[in-house]
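[1] I would like to see how this sequence folds:
(2 chains)
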Amino acid sequence: MNSSLQQQSMLDDKPAVEVSDLTVAYHSRPVLWDVDLTVPRGVLMAIVGPNGAGKTTLLKSILGLVPVAAGQVLIFGKPLAQQRHLVSYVPQRGSVDWDFPTTALDVVIMGLYRQLGWIRRPGSRERRKAMEALEQVGMSSFARRQISQLSGGQQQRVFLARALVQNAQLFFMDEPFQGVDATTERAIIEILRQLRSEGKTVVVVHHDLQTVPEYFDWVTLINVRRIACGPVCQVFNEKNLRAAYGGRVAFIVEQQTEGC
Amino acid sequence: MTNVQLEIQLVAVLVAVACALPGVYLVLRRAAMLSDAISHSILLGIVLAYFVVRDLSSPLLVIAAAATGVGTVWLVELLVRTRLVRSDAAIGLVFPTLFAVAVILISLYARSLHLDTDSVLLGEIAFAPFNRFEVAGRDLGPLSAWVMGGILLINVAFIALFYKELKLATFDPEFAAAQGFMPAAIRYALMTLVSITAVGAFDAVGSVLVVALMIAPAATALLISHRLGLVLAVAAAVAVWSALSGYWVAHVLDASIAGSMSTMCGIVFLLAYLFSPSTGLVAQVRRRQAVRMTFALKMLAVHLAQHERQPEAATENRAEHLTEHIRWTNDFAEKVVRRALSLGLIGQEDGKLFLTEKGRVLASESVIEDSV
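    Just a heads-up that it's a prediction; the model follows:
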């Protein structure tokens, strides 16, 4: 705990994420075009935009998972390679094979592999920490379950627990609400708020525009280019949504200035 | 059993287990057919290295062959990345090309080389005892046992050492990358192991049946077990059993040993497919029957409860009426009634069925369940 507090205070002055001039292209087709972005510390930020706007690519390029054509990413003021221990990632649930022969507890323990380093095996200390994380997401009674026997929502919570166990400062989540039940959605948002109250930063690729004002306090709208980035109450408005989604926004933002 | 028989079986077991272990990771990565690609294209490496050293027993051949195997994987990935072909087509393009080049080279420049079609495709494990490993005049057994033993040891050591890294990179490569575990490096290390193993197994079982030894034990183990550690153990056990039983089947039939080993692998898989306690076909049918029976018992209880206090109970609640009212066949109705009687859900008096206390509880529970 103490070291985590020190970690936080040391990072106080730097924004959680600083992206400048980021360009990603598949062959010659740009997927992200000259994106600038600053995520302040301690916010719950949604990345929204239409399909193919590059939301997931933005996340992956910040995490160094896709090659970038140009641009720079700083995590708490330094390149990712030096800051991996502060960063946690929840990939899309569909990105892995849930028939893999392993248990929920084992998946959560994977979140501790980095701390263990190469070759060293997890032991009872890791199992205990992982159980605590499962408890946090309300999944402790499923610890020994084979992961294919979990429902979609339960799988998503296991993924979340794997991120929580890392005790990171900055969380990236790719559509954690995709295809989950209402219980899981509430459980996840509860945990996200708790993380924010602990001063952590959470960046979420999000699909459902309706829930943006309720769930998040910061938002980035992208469509290949960055359309807007800032507090929800300032930038989540019709003009920006139209710019991101074209004329097809069937949805009018009502609360423009509430809580600002 | 003669010494020669023992030695052949030893080599067979070593080959089978050495193949089965990396095979588990290939199957989990849905890259099973890469084993086919690697086991063929290594021939090119063997041939090219032979032209350089002119010695079939040189260790350089193994290194060159392993390098071709890894190169095959790299070429396949390169082709896939162009997005012009998918990975299955890319595999189908790359390895036959490399294999064909090797075949042409052999036919042009190495006719005298002991690399005829039969031995390339099927290997000949029965010759294993002829090639001895001798140190200072002392015979230490068949050379291939030492080679395969060494390869098996490398496989076991690598998997034991990097168990957690292999697991993470196989299950969730992106998360592994985000954690700094270099999944691409791990993948190529695994492909190197597959290549080395394929080279070693090449002599014994040829380039086609290697695929069976890599894939079948792994696929079998995945039907039986749901923990990675156990999957590896079961795959190794299946490999040992297939090797030994395959040898003796071949002995009795006087047939190809490698062919019999692969066939036994297939038979074990079939058995697991039918009888695995969790995923087997028989278990599935049983489970479906059990579900059907449970539902039938509930229906019977609810039916009896509904007519219990009505005057028509005397006619309705008789075993022979069930076929009319709930549309069961006679056989099935009899079965359900017998089951309900034995579970104490109902009683029978002059052919009339009535609910016991236990049956009444089931009936009311079932109705509540449905209305929630």
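
[2] could you measure the residue nearest to B:Ala301 when sequence neighbours are not counted against B:Leu153, distance?
    If the residues on either side of it in the chain are set aside, B:Ala301 comes closest to B:Ala363, at 3.9 Å by Cβ to Cβ, 6 or more residues apart in numbering or on different chains. The C-beta positions use only the backbone N, C-alpha and C, and glycine is treated the same way. Separation of B:Ala363 from B:Leu153 (Cβ to Cβ, to the nearest Å): 64 Å.

[3] Compare those two and say which one has the larger neighbour count.
    Remark: of B:Ala363 and B:Leu153, B:Ala363 carries more neighbours, 23 against 12, as counted by other Cβ atoms under 10 Å in any protein chain shown.

[4] pretty sure that one is in a strand, no?
    No - with DSSP: H, G, I helix; E, B strand; the rest coil as the criterion, B:Ala363 is helix rather than part of a strand.

[5] residue contacts, it?
    B:Lys298, B:Ala301, B:Val302, B:Leu304, B:Ala305, B:Leu355 (Cβ atoms under 8 Å, 6 or more residues apart in numbering or on different chains).

[6] The residue nearest to B:Ala301 and A:Pro231: what is the separation?
    Distance from B:Ala363 to A:Pro231, counting by Cβ to Cβ: 59 Å.

[7] In ChimeraX, how would I select the buried members of the contacts of B:Ala363?
    Filtering the contacts of B:Ala363 down to the buried ones (16 or more other Cβ atoms under 10 Å in any protein chain shown) takes a single ChimeraX command:
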select /B:298,301,302,304,305,355
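
[8] give me the low-pLDDT residue ranges for chain B?
    Along chain B, the parts satisfying pLDDT under 70 run over B:110-122, B:311-316, B:369-372.

[9] Close to chain A: what parts of it are there?
    For chain B, the contact set with chain A under Cβ under 8 Å from any Cβ of the partner chain comprises B:28, B:30, B:83, B:161-165, B:167-168, B:170-172, B:174-175, B:177-181, B:222, B:225-228, B:230-231.

[10] at 6 Å what do you get?
    Listed as neighbours of chain A in chain B under the rule Cβ under 6 Å from any Cβ of the partner chain: B:161, B:164, B:168, B:171-172, B:174-175, B:177-180, B:226-228, B:231.

[11] what's B:Asp139 in contact with, if anything?
    By Cβ atoms under 6 Å, 6 or more residues apart in numbering or on different chains, the contact list for B:Asp139 reads B:Arg132.

[12] again, but for B:Tyr247
    Residues in contact with B:Tyr247 (Cβ under 6 Å, 6+ apart) are B:Gln9, B:Ala12, B:Ile257.

[13] In helices, which of those fall?
    Among the contacts of B:Tyr247, the ones falling in helices (DSSP state H) are B:Gln9, B:Ala12, B:Ile257.

[14] Just among the residues you listed, which is most surrounded?
    So for those (other Cβ under 10 Å), the most neighbours sit at B:Ala12, 29 neighbours.

[15] Hmm, B:Ala243 and that residue touching each other?
    Yes - assessed by Cβ atoms under 6 Å, B:Ala12 is found in contact with B:Ala243 at 4.0 Å.

[16] quick revisit: in JSON lines: the contacts of B:Ala363, plus distance to B:Val24 and secondary structure.
    Converted to JSON lines, the contacts of B:Ala363 look like this (distance: Cβ to Cβ, whole Å; DSSP: H, G, I helix; E, B strand; the rest coil):
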{"residue": "B:Lys298", "distance to B:Val24": "42", "secondary structure": "helix"}
{"residue": "B:Ala301", "distance to B:Val24": "47", "secondary structure": "helix"}
{"residue": "B:Val302", "distance to B:Val24": "48", "secondary structure": "helix"}
{"residue": "B:Leu304", "distance to B:Val24": "53", "secondary structure": "helix"}
{"residue": "B:Ala305", "distance to B:Val24": "53", "secondary structure": "helix"}
{"residue": "B:Leu355", "distance to B:Val24": "53", "secondary structure": "strand"}
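
[17] would you turn the contacts of B:Ala363 into a markdown table with distance to A:Asp34?
    Output for the contacts of B:Ala363, formatted as a markdown table (distance: Cβ to Cβ, whole Å):
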| residue | distance to A:Asp34 |
| --- | --- |
| B:Lys298 | 64 |
| B:Ala301 | 70 |
| B:Val302 | 67 |
| B:Leu304 | 75 |
| B:Ala305 | 72 |
| B:Leu355 | 75 |
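
[18] The residue in the stretch 1-150 of chain B that chain A sits nearest to - how many residues pack around it?
    Going by Cβ to the nearest Cβ, chain A is nearest to B:Leu28 of the stretch 1-150 of chain B, at 6.6 Å. Neighbours of B:Leu28 under the rule other Cβ under 10 Å: 21.

[19] In contact with it: list those residues for me.
    Shown in contact with B:Leu28 (Cβ under 6 Å, 6+ apart): B:Thr170.

[20] I'd like the distance between it and A:Thr102.
    10 Å.

[21] ditto for B:Gly45
    35 Å.

[22] Looking at those two now, which is surrounded by more residues?
    Between B:Gly45 and A:Thr102, counting by other Cβ under 10 Å, B:Gly45 is the more crowded of the two (26 against 21).

[23] Just give the nearest non-adjacent residue to that one, would you?
    Of all residues not flanking B:Gly45 in the chain, B:Thr68 sits nearest, at 3.2 Å (Cβ to Cβ, 6+ apart).

[24] For that neighbour, which three-state class applies?
    Here B:Thr68 is recorded as helix under three-state DSSP.

[25] If anything else comes up later, I'll come back, but that's it for now.
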